[in-house]
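# got a structure for you, letters missing:
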């Protein structure tokens, strides 16, 4: 939703001087602050939320609807055997330090991401790349070890954005990218400031400057929004306040979908959750609608497997785990836990987890499973649960797009180890025929739903509260991003 | 009895009574959620309304009173149990190195911001009601130690103590048999005040998530949960807020009233 006439208006305002009424800066709040500013070496989605599409760009990119659009590559061709991709880079692309972006930078980026010692959080994206060459400054050739139809999709991720060897050492504090905004300042604990990059290759954004504020406390978020200290809040943390904003003519409320499958994850590597019957019992003890209503005030779509409902390949598999406490108790008895058992439920900070956890605790108690609830901060959660795998149950939203392949990683935190599923994912990445891919994705969804690897709760909604005059904000979250390139102020 | 004392007694009795009653009966089960009934304003079914999970707030306040009182009572018990003997000991060895050591240690504990230490303790050992008790209890020790020492020192110069010493009683026996009984009224009054501060501290800790963990109801957490819903359903914040105010006010009035009643000097003034 670009509005070029508005960028003209902004330019006119600039000429007219600061006294002109047209606003050209934006203060937008997010709940989470990034730990550092290198999207290519951390799993933290908060980094992408600030920098993706604003400061950093990849060869391809996600559009607002989740489709794959050309990014720094203007076009690409695939060889007949599906093994060679040739990307034509755009002309006149420069990094914010003034150096030109060319094929060598792309080669550097991809080689760095897939290197043995790479810190990239999504190395699997680059797994099939055998070689990257730069025949000339405007052309990049990627040779694959096996056909992978998802390569343009993989390269659109925030983990695959193009970085320069000149600025890589300081990237965590002073990121240098090719995007329409350059990084200005990071006041840790408070805000990150971006400013329009004058030599951007593409259409100049309407905004001259943007400030990302980090407000983790829902009450403070409400106060800041009401006082209009901030112009927008992307991912507003307290759904119970939304009706109030909707009723207020000063604000608009957008409720979009995300790639966030919110799951009650079970530790498949540990008793008692290594027992499929116990997992099935947990899945049947859960009343999804109560969790959505109670924790999210009705925002969210129930899911029955690890797949986004807005995806055309989604299957409704909730019949594998309907709310049925009687059956849950029977399954527990069959598994040898007629008297129930006690386990841990470790919860990260977002309200879907904290509130959802209390509801899940009550629902599990009703079938005889006692949970000891522990509230953790994100750093502790990553340490204890994600890396340490020291948990029985946890609730978390998986916001990466199309991430069902995490079930093929036995060392992933919920430790699902099923060779059949791993084989299925191998087959999937080697398949480029769309119909065949759909069939494989259906099989995969069914397999994890049948196995009750985790209890699938709901697809996270993405509420944005914004000044009523703002235009062009992303409503949905096809990937974690706050793309400001198309954002402008209405008259 | 003064009006202060009666009002204090009545308020305290109300909450203690509710807490005791909750052991045998509450209007609803506090752990049963009914999402469809959430955020209902007070009515005949739910006298104080329901919270965001559809739990009965009156029942939660009753059980929450139990949590608050238990935490504060044990914490004050720790403070008194350790602080008073320390203070008496220091007074018995007045102006010796032991007196110095005990009192400087007390100053040290006193100088730490208690909430920070409480957060530290719960961060290391994990948040729970027990750790909240320990955190609050530790900071009650210097209060009672100072009080006991300060009140005991002038007593040691009195003639009846001299008589006891002449009779050959040890410092320990004199402290226990002659000093402590003379401090009792002071300690009761201070204990009541500390008890109310303990209730506040418990509410503060559970407000930041470091007190009793869900599903055990606690007033501080009820307030924290209600925070974003004030505009939507004011009663979810007002009710636990009033409960905390009522309980603390009651205990303070009770403390004041008891002091008026027990302190012989004030009694003389009144007559």
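Cool, the structure landed. All of these numbers come straight from a predicted model, not from anything done at the bench.
# can you report how many residues neighbour residue 82?
I'll assume chain A. 16 (other CB atoms under 10 Å in any protein chain shown). From N, CA and C alone the C-beta is placed, and that goes for glycine too.
# hmm, I had chain B in mind actually
Residues near residue B:82, counting by other CB under 10 Å: 17.
# could you see whether chain A lies near whatever helix or strand it lives in?
For residue B:82, the host element (DSSP states H and E) is helix B:57-92. No. Counting by CB under 8 Å from any CB of the partner chain, chain A is not contacted by helix B:57-92; separation bottoms out at 12.4 Å.
# report how many residues lie close to the residue nearest to residue A:322 when sequence neighbours are not counted.
Spatial nearest neighbour of residue A:322, excluding adjacent residues (CB to CB, 6 or more residues apart in numbering or on different chains): residue A:284 at 7.0 Å. The number of residues packed near residue A:284 is 24, by other CB under 10 Å.
# distance check, residue A:284 against residue A:344.
According to CB to CB, to the nearest Å, residue A:284 stands 20 Å off from residue A:344.
# one more: residue B:237?
Relative to residue A:344, and taking CB to CB, residue B:237 is found at 30 Å.
# look at the two and report which has more neighbours.
Shown here are residue B:237 and residue A:344; by other CB under 10 Å, residue B:237 has more neighbours (19 against 16).
# who's in contact with that one?
B:223, B:226, B:227, B:229, B:230 (CB atoms under 8 Å, 6 or more residues apart in numbering or on different chains).
# what is the burial count for the second one?
So the one you mean is residue B:226. 23.
# ok, stretch B:20-36 near chain A or not?
Yes. Residues of stretch B:20-36 contacting chain A under CB under 8 Å from any CB: B:31, B:32, B:33, B:35, B:36.
# TSV for those residues, including secondary structure, distance to residue A:66 and neighbour count?
Listed next are the residues of stretch B:20-36 next to chain A as TSV, based on DSSP: H, G, I helix; E, B strand; the rest coil; distance: CB to CB, whole Å; neighbours: other CB atoms under 10 Å in any protein chain shown:
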residue	secondary structure	distance to residue A:66	neighbour count
B:31	coil	41	19
B:32	coil	41	15
B:33	coil	35	25
B:35	helix	31	18
B:36	helix	34	11
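# list just the nearest of those residues to residue A:30.
Using CB to CB, residue B:35 comes nearest to residue A:30 of the residues of stretch B:20-36 next to chain A, at 28.9 Å.
# where does the stretch 101-250 of chain A have low pLDDT?
By pLDDT under 70, the stretch 101-250 of chain A contains no weakly predicted segment.
# could you tell me which residues of it lie near chain B?
A:218, A:219, A:222, A:238, A:240, A:241, A:243, A:244.
# if I look at the residue positioned nearest the centre of chain B, how far off is residue B:170?
The C-alpha lying nearest the average C-alpha coordinate of chain B belongs to residue B:195 (CA atoms, centre = their mean; 2.1 Å). According to CB to CB, residue B:195 stands 32 Å off from residue B:170.
# with residue A:90 instead?
93 Å.
# between those two, which one's more packed in?
Neighbour count, other CB under 10 Å: between residue A:90 and residue B:170, residue A:90 has more, with 18 against 11.
# what's residue A:124 sitting at in phi/psi?
phi -60, psi -30 (degrees, to the nearest 10).
# meant to ask about residue A:159
Residue torsions, per degrees, to the nearest 10, at residue A:159 are phi -80, psi -10.
# any idea whether the residue nearest to residue A:165 when sequence neighbours are not counted is helix, strand or coil?
Of all residues not flanking residue A:165 in the chain, residue A:108 sits nearest, at 4.9 Å (CB to CB, 6+ apart). Under DSSP: H, G, I helix; E, B strand; the rest coil, residue A:108 falls in the helix class.
# need the contact list for residue A:108.
Counting by CB under 8 Å, 6+ apart, residue A:108 has contacts A:163, A:164, A:165.
# now that we have these, which one has the most neighbours?
Highest count within the contacts of residue A:108 by other CB under 10 Å belongs to residue A:163, 25 neighbours.
# got a list of what that one touches?
Counted by CB under 8 Å, 6+ apart, residue A:163 has contacts A:38, A:40, A:56, A:105, A:108, A:109, A:112, A:171, A:176, A:177.
# do residue A:188 as well
residue A:33.
# against residue A:46, how distant is it?
Taking CB to CB, one finds residue A:188 at 13 Å from residue A:46.
# number of nearby residues for residue 24?
Went with chain A since none was named. Using other CB under 10 Å, residue A:24 has 22 other residues around it.
# could you do chain B instead?
Residue B:24: 6 surrounding residues under other CB under 10 Å.
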